[in-house]
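Engineer: any chance you can model this:
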Amino acid sequence: GAYFGVAALAAAHLMGPQNRAKAVAHVLTGLTVATVLGVPMASWLGQALGWRAAFGLVVGVGVVTLTALWFWLPVQLRFMRSTSPLTELGALRRSQVWLALLVGMIGFGGMFAVYTYITTTMTDVAGMPRALVPVALMVFGLGMFFGNLVGGRLADRSVIRALYLSMGSLCAVLAVFVVASHNVWTALLVLFGIGLTGSAVGPALQTRLMDVAHDAQTLAAALNHSALN
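Structural biologist: Below is the predicted model:
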C-alpha cells in the first residue's frame, strides 16, 4: 500500500495536474498487468524449475526496478514538495478523507467478494470445467486493465462524476451477476464488466483523496490501498 500510494503521487507529479487521474491509472494498470501475466508466469516457472526459480525471477525484476528508480526518479522529482510525519497524520483529522476511504472499502469489498469465489462460481454454478478457470481469471483481469484506463480519463474530466458513474455501474453489474452466473458465457461477460467498473473506481478515488488530503497526500494515498484491500 505504501509503495503504490507514493508511486501514484510521483506519477501524478510527473504528468502534471491536468493528468493526475491518468497517472494514477497507469500505476494501477501496472499492478493489473503484473497480476494477469506475472502470476501465471511465476506459477509455470515454479512448476517447471521449482519455487526457487520463481522467487529468483521476482528478485531479479525487483533489483532492476529498484536500480532504475534509484538513478532516474530523484532527478525527475527534485521539485516535488517534501513533507513531515506530523503533516501526514493531519489527514486523519479530515472527515472527507475517512469518507473516501469508506467508499473504497465498501465498493471494492463487493468486487473482491466475487473475485474470491470465481473458481467456485464458474465451476459449481456456471458449469465451467475446472481446467478453464484461468480463462475466467484472465477475462476479469482484462476488464480491470481497461477499467483503469477508462477510469483515469473520466476522473481527469470530473472526479465526482467519475466516482458516481463507476460506483453506480459496479453496483448494477454485481446485481446482474446473480442471474448471469448460471451460464458460462453470460458469467464471463459480466465478470469482464465487474473488473472494468470496479477498476474504474480506483483512479477517481485516489485523485479524490489527493484533493481532500491537501498537504498530507502520502499517508492518504497509502491508506487508500489499505482500504481497497
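Engineer: do you know how far Val178 is from Gly107?
Structural biologist: Going from Val178 to Gly107 by C-beta to C-beta, to the nearest Å gives 17 Å. In this view, the C-beta of every residue, glycine as well, is placed from N, C-alpha and C.
Engineer: who has more neighbours out of the two?
Structural biologist: Higher neighbour count among Val178 and Gly107: Gly107, with 23 against 9, using other C-beta atoms under 10 Å.
Engineer: list the buried ones in whichever strand or helix holds that one?
Structural biologist: Under DSSP states H and E, the secondary-structure element containing Gly107 is helix 95-116. Neighbour counts using 16 or more other C-beta atoms under 10 Å place Val97, Ala100, Leu101, Val103, Gly104, Gly107, Phe108, Gly110, Met111, Val114, Tyr115 of helix 95-116 among the buried residues.
Engineer: OK, contacts around the last one?
Structural biologist: By C-beta atoms under 8 Å, 6 or more residues apart in numbering, Tyr115 lies in contact with Phe140.
Engineer: look at it and report its pLDDT.
Structural biologist: According to the per-residue confidence, Tyr115 scores 83 in pLDDT.
Engineer: how much space separates it from Gly56?
Structural biologist: Taking C-beta to C-beta, one finds Tyr115 at 28 Å from Gly56.
Engineer: list the contacts for the residue most central in space within the chain?
Structural biologist: What sits nearest the mean C-alpha location of the chain, by C-alpha atoms, centre = their mean, is Leu28, with 4.6 Å. Taking C-beta under 8 Å, 6+ apart, we find Leu28 in contact with Phe4, Ala8, Asn148, Ser199, Gly202, Pro203, Gln206.
Engineer: quick check: which element contains the second one?
Structural biologist: Element membership for Ala8 (DSSP H and E) is helix 2-15.
Engineer: gap between the helix of greatest length in the chain and the chain center?
Structural biologist: Ordering each helix of the chain by length in residues (DSSP state H) puts helix 184-213 first. With C-alpha atoms, centre = their mean, to the nearest Å as the basis, helix 184-213 stands 8 Å off its chain's centre.
Engineer: by contact count, what packs against it?
Structural biologist: helix 2-15, helix 20-33, helix 95-116, helix 133-157, helix 159-180, helix 217-228 (3 or more C-beta pairs under 8 Å, 6 or more residues apart in numbering; DSSP states H and E).
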